[in-house]
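Peer 1: Sharing a model that was predicted from the sequence below.
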Amino acid sequence: TAVDSVSVTAIDAGQTGHCGVLRLEYSNASLPASPLPESMIIKMSRKDFAGTLLNVVVRLYRECHVYSDLLPSLKAVVPTCRAYYSDVNAWTKHFILLLEDASTHPSETVVAASTIGTQSCDPEIMNNKYRALFWTKPPPHDKHMFPPDVISPATIQRTRKNMEAAVRAIAAMHAKFWCDETLLDLDLDSFAVGLALAESDWAKTRKVVRRQTGQRYEGTTPWRGCADVDGFERMLYDTVMCPFQYGAMKAGVENWRENWPQHVTVEDWFHLHRQLCFSRIHGDFHTENIFVRQYKRASNDADIHTDIVVLDWQICDVGFPVKDIAQILSLGGLDLYGTALHEEAIVKVWWEELVRLGVNAEEFPFRLAWAQYKYFASHVVALLLLMSNTLNFFSEDHVYYMHFVDKFNDCVRRHGHPVENYGKLMAIVETMAEAKKAREKGPVTV
């Protein structure tokens, strides 16, 4: 089909790559009988050094393979968009991906379309008001951070409803691949390099945070005015690394808190996945990656129908499913007060859908799901803060750095120290494992 012209509009959709909207005009002489898309989404890898390194280490290019190999088999249960074309350079791993524009519908009239996060609050308003109101202090945790004329109660309830629809959708993928042993063919070399990147970037992030040049990134001392900078940075690091530290401690490693990197093995990593339950996960399941469409089925249809589309599968991998739920609750959509009000109910919606789809409630009871969530809610934010340098969080154009420090602090306030939460989680896992062994052994004959 002949294309007469293409216009490109960049999308500020994240820090891991480039993204834009293509508007296409076709030659009337070559139009086929079936309708052609008037717009597409284009995604490409960053070509700066940090972006290239991130693409290769985290394997962002895998999104091309996810769209071609995995998502077609999930089309009936996980709503996502169609991929028109993709290509990955075999040597550099730079990629290009052309996708269906989720703001359109192939057969219906779309009347409104946006991400859950944008539907809650326009990003420009969010940035400006967050900066104006909370430059020197965090948002309140006992009331909503913005007044009703900015975010109405109806908007908050709609956000919760859309988040519930999203966790039900992703639960279908989790349930389909739940504890599937064939998935444990992990790229452990990439995992090791990823850990090394996190360590390296953490050193760079700390350096930038401690460099107070006109208070460019925040209105307070480093880490939003914490009293003990060294202690706060230790907590962030331990929050991310404590699964490995815990394993080293259980193995009797001397000075396990510092020496764990020399004692992590392939078997340890597999064992941890089996202990906590594993599946395929989205990996970046926050509210800016969940698109909400409102549409009419026909031009004379008075009813407005709503569906969701799950976007951005760049870091889809094998992992702990509750991480997806921690991300949607911890990385946007609801403010601190809204998260505190609704998080347990949303986690329960996800867990109930897993059970409905066949996950054994005795092997994965809600108390285990909730214990996992309490730890991973802090973990997912701490990991972003460790990688703030590579993720370009230090910019005057947005408030990611401020926002995530506030989120992490509030998560600790609500749920307690993340390392302690991980210890409590593992106590539940180990108690359940002992009980299972006792059941399998059967009654003792005297």
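Peer 2: Okay, I see it.
Peer 1: Skipping its backbone neighbours, what lies nearest Arg257 in space?
Peer 2: Leaving aside its sequence neighbours, Arg257 sits nearest to Gln245 (CB to CB, 6 or more residues apart in numbering; 5.5 Å). Just so you know, the C-beta spots here come from the backbone N, C-alpha and C atoms, and that holds for glycine as well.
Peer 1: Helix, strand or coil: sort out that neighbour for me.
Peer 2: Classification of Gln245 using DSSP: H, G, I helix; E, B strand; the rest coil returns helix.
Peer 1: now the residue nearest the centre of the chain, what's its secondary structure?
Peer 2: By CA atoms, centre = their mean, the chain has its centre lying nearest to Asp284, at 2.7 Å. Secondary structure assignment for Asp284 (three-state DSSP): coil.
Peer 1: Low-confidence regions, the stretch 151-300 of the chain specifically.
Peer 2: In the predicted model, the stretch 151-300 of the chain carries pLDDT under 70 at residues 186-190, 212-220, 298-300.
Peer 1: hey, where'd the helices end up in it?
Peer 2: With DSSP state H, counting those that start in this stretch as the criterion, the stretch 151-300 of the chain has helices at 153-176, 188-210, 222-225, 229-250, 256-259, 266-276.
Peer 1: Check the offset of the second one from the chain's centre.
Peer 2: Same thing as helix 188-210. 18 Å (CA atoms, centre = their mean, to the nearest Å).
Peer 1: Return the set of buried residues in that helix.
Peer 2: Val193, Leu195, Leu197, Ala198, Asp201, Trp202, Thr205, Arg206, Val208, Val209 (16 or more other CB atoms under 10 Å).
Peer 1: Roughly how far does the fourth one sit from Pro153?
Peer 2: Ala198 sits 39 Å away from Pro153, going by CB to CB, to the nearest Å.
Peer 1: Next: the fifth one.
Peer 2: Taking CB to CB as the criterion, Asp201 is separated from Pro153 by 40 Å.
Peer 1: Spell out which helix or strand contains Glu363, please.
Peer 2: Following DSSP states H and E, one finds Glu363 outside all helices and strands.
Peer 1: Give me the pLDDT for it.
Peer 2: Per-residue confidence (pLDDT) for Glu363: 95.
Peer 1: for it, what are its contacts?
Peer 2: Residues near Glu363 by CB atoms under 8 Å, 6 or more residues apart in numbering: Cys277, Met432.
Peer 1: now the strands for the stretch 301-446 of the chain?
Peer 2: 305-310, 317-319 (DSSP state E, counting those that start in this stretch).
Peer 1: Verify the stated contact: Val264 with Pro243.
Peer 2: No - with contact defined as CB atoms under 8 Å, Val264 does not count as touching Pro243 (9.5 Å).
Peer 1: show me where the stretch 51-200 of the chain has strands.
Peer 2: Taking DSSP E, counting those that start in this stretch as the criterion, the stretch 51-200 of the chain carries its strands at 83-88, 95-100, 109-115.
Peer 1: out of these, deepest packed?
Peer 2: When you average the neighbours per residue for each of the strands of the stretch 51-200 of the chain (mean count of other CB atoms under 10 Å), strand 95-100 leads with a mean of 20.
Peer 1: what about Tyr61, how many neighbours?
Peer 2: Neighbours of Tyr61 under the rule other CB atoms under 10 Å: 22.
Peer 1: Please tell me I have it right and it contacts Lys93.
Peer 2: Yes - if you go by CB under 8 Å, Tyr61 and Lys93 touch, sitting 4.8 Å apart.
Peer 1: hey, what's in contact with both of these two?
Peer 2: Ser45, Asn55.
Peer 1: how far away is Gly51 from Leu336?
Peer 2: Gly51 sits 31 Å away from Leu336, going by CB to CB.
Peer 1: I meant to write Glu430 there.
Peer 2: 33 Å.
Peer 1: and what of Ser330?
Peer 2: Taking CB to CB, one finds Ser330 at 10 Å from Leu336.
Peer 1: between these two, which one's more packed in?
Peer 2: Using other CB under 10 Å, the more surrounded residue of Ser330 and Leu336 is Ser330, with 27 against 22.
Peer 1: Could I get the contacting residues of that one?
Peer 2: Per CB under 8 Å, 6+ apart, neighbours of Ser330: Thr339, Ala377, Ser378, Val380, Val381, Lys407, Cys411.
Peer 1: List the backbone torsions phi and psi for His18.
Peer 2: Backbone torsions of His18, given as degrees, to the nearest 10, read phi -110, psi 150.
Peer 1: What sits closest to it if chain neighbours are left out?
Peer 2: Using CB to CB, 6+ apart, the closest residue to His18 is Met44 (4.6 Å).
Peer 1: who's that neighbour bridged to?
Peer 2: With DSSP bridges as the criterion, Met44 is bridged to His18, Ile96.
Peer 1: That one: neighbouring residues, count only.
Peer 2: Met44, neighbours per other CB under 10 Å, totals 14.
Peer 1: Likewise for His271?
Peer 2: 12.
Peer 1: cool, and Phe146?
Peer 2: Using other CB under 10 Å, Phe146 has 18 neighbouring residues.
Peer 1: just checking, it touches Cys121?
Peer 2: Yes - using CB under 8 Å, Phe146 makes contact with Cys121 at a distance of 7.0 Å.
Peer 1: For my notes, confirm Ser7 occurs in a strand.
Peer 2: Yes - counting by three-state DSSP, one finds Ser7 located in a strand.
Peer 1: Just grab the bridge partners of the nearest residue to it once chain neighbours are set aside for me.
Peer 2: With CB to CB, 6+ apart as the criterion, Ser7 has its nearest non-adjacent residue at 4.5 Å, and that residue is Arg23. Listed beta-bridge partners, Arg23: Ser7, Ser39 (assigned using DSSP bridges).
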